[in-house]
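# Can you look at this prediction? I've put the sequence above it.
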Amino acid sequence: MTVFGVHTGLQHTTVDELVDLWHRIESLGFDWISIWDHFYAADMTGNPHCLEAVTAHAALACSTSRVRVGSLVYCVGYRHPAVLAKAVTTIDHLSNGRADIGLGAGWSEVEYKAFGIPFPSARVRLDMLEEAAACVRGLLRDERTTFAGEHFQLTDAQNSPRPVQDALPVWIGGGGEKRTLRIVARYADGWNVPFISPEQFAAKRAVLARWCESIGRDPSEIRCAVNLGYAKDDDDLTEQFANLRMVVAPGVLVGGPAQVAERVQQYVEAGADQVNLALRAPWDAERLEQAAAALGVG
């Protein structure tokens, strides 16, 4: 059965607005809500109005009672993986066992530079992602973890108290076929990619399956999710995404219930186990309710 969720951006909004939004999403019948990890707005404008992710993740856990609460995705360049593992373990307790953690290599150079965080090459950032995934998975699953990497080190590290869940799900975000999907195959319980077409999703899922086969892992062990926008028409698409339109358009649901349902079915046939609506402020309650109806949520 396909899971439907909502991915909520933290830019240009307030805590009160987010809590109201999360309540509405849960009441509509969605089964997943996630937050992103940015210091500046994720729209290439350099606007700094954005809430912090770990604290928002905790607030999400405390503001809901049923949905899975995830992060898509924490940038491994912003926090040591042990800090993330401890934080998400606490969030798992706050949510009574509903937390998921997502990890990504990071991409927003403007944030790195503004906050004085080194912005290395893509290769190095992917090296960091692979090491962080190993550390986080060990801390969440094993009683003691030792890891000696170039970027992160753990020495007989204990994550106590343990998460409520025996196997708190670890997600990896991104669509890179040479490195990212290989890291997914090795360390992840879930894979997430935003704003791509059903055809692109199917092609990348096939690459992921080949990486799984190369290490002897069953690809069906990994949940595959796509983040999609939703727009009532082309004008609405332009209004929402402005200068990002050309980048995100392949992964935006456009039109009425019949058109949306048909498009979503294409993603399901391409192998999507989960479909998340990717929303950003200003929040449009009517758009959210129309999307829920179109998806058959609730």
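Cool, the structure landed.
# need the longest helix for the protein.
In the chain, with assignment by DSSP state H, the single longest helix is helix 122-141.
# what packs against that one?
In terms of contacts (3 or more C-beta pairs under 8 Å, 6 or more residues apart in numbering; DSSP states H and E), helix 122-141 is packed against helix 81-94, strand 101-104, strand 145-148, strand 153-157, strand 170-173, helix 180-187. In this view, the C-beta of every residue, glycine as well, is placed from N, C-alpha and C.
# Deepest-packed of those, please.
Most buried of these, by mean neighbour count (mean count of other C-beta atoms under 10 Å): strand 101-104, with a mean of 27.
# Quick one: mean pLDDT for that strand?
Per-residue pLDDT over strand 101-104 has a mean of 98.
# what element comes up after that strand heading to the C-terminus?
Beyond strand 101-104 in the direction of the C-terminus, DSSP states H and E gives the next helix or strand as helix 109-114.
# follow-up on the earlier one: kindly reformat the helices and strands packed on helix 122-141 as a markdown table and extend each row with distance to residue 55.
Converted to a markdown table, the helices and strands packed on helix 122-141 look like this (distance: least, C-beta to C-beta, whole Å):
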| stretch | distance to residue 55 |
| --- | --- |
| helix 81-94 | 9 |
| strand 101-104 | 15 |
| strand 145-148 | 25 |
| strand 153-157 | 23 |
| strand 170-173 | 20 |
| helix 180-187 | 26 |
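# Of all the ones you listed, which one is nearest residue 14?
Ranking the helices and strands packed on helix 122-141 by proximity to residue 14 (C-beta to C-beta) places helix 81-94 first, at 20.6 Å.
# The helix or strand encompassing residue 212 relative to helix 180-187, how many degrees between them?
When elements are assigned from DSSP H and E, residue 212 belongs to helix 198-214. Interaxial angle of helix 198-214 relative to helix 180-187 (axes from the mean of the first three to the mean of the last three C-alpha atoms, to 10 degrees): 50 degrees.
# Helix 198-214 packs against which elements?
Taking 3+ C-beta pairs under 8 Å, 6+ apart as the contact cut, helix 198-214 packs with helix 180-187, strand 190-194, strand 223-231, helix 257-269.
# Just give the closest residue to residue 272, not the sequence neighbours.
residue 226 (5.1 Å; C-beta to C-beta, 6 or more residues apart in numbering).
# cool, residue 43 as well?
Residue 43's closest residue in space is residue 244 (C-beta to C-beta, 6+ apart), at 6.2 Å.
# Over to that neighbour. Which of the three states is it?
Following DSSP: H, G, I helix; E, B strand; the rest coil, the label given to residue 244 is helix.
# Who are the contact partners of the closest residue to residue 122 other than its chain neighbours?
Of all residues not flanking residue 122 in the chain, residue 105 sits nearest, at 7.3 Å (C-beta to C-beta, 6+ apart). Taking C-beta atoms under 8 Å, 6 or more residues apart in numbering as the criterion, residue 105 is in contact with 75-77, 122, 125-126, 128-129, 174, 180.
# which pair in those residues spans the largest distance?
Between any two of these (C-beta to C-beta), the greatest distance is 14.8 Å, for 77 and 180.
# In terms of pLDDT, where does the residue most central in space within the chain sit?
Ranked by distance to the mean C-alpha position of the chain (C-alpha atoms, centre = their mean), the top residue is residue 72 at 1.8 Å. What the model reports as pLDDT for residue 72 is 97.
# before we move on, back to that, quick one: buried residues of the longest helix of the chain?
By neighbour count on 16 or more other C-beta atoms under 10 Å, the buried set for helix 122-141 is 125-140.
# Go through these and name the one nearest residue 109.
residue 125 (10.6 Å).
# wait, doesn't that closest one sit right on residue 77?
Yes - with contact defined as C-beta atoms under 8 Å, residue 125 counts as touching residue 77 (6.4 Å).
# joint contacts of these two?
Common neighbours of residue 125 and residue 77, using C-beta under 8 Å, 6+ apart, are 105-106.
# Residue 42 and residue 175, how far apart?
Using C-beta to C-beta, to the nearest Å, residue 42 is found at 16 Å from residue 175.
# can you check residue 105 too?
11 Å.
# Next: residue 163.
According to C-beta to C-beta, residue 163 and residue 175 sit 28 Å apart.
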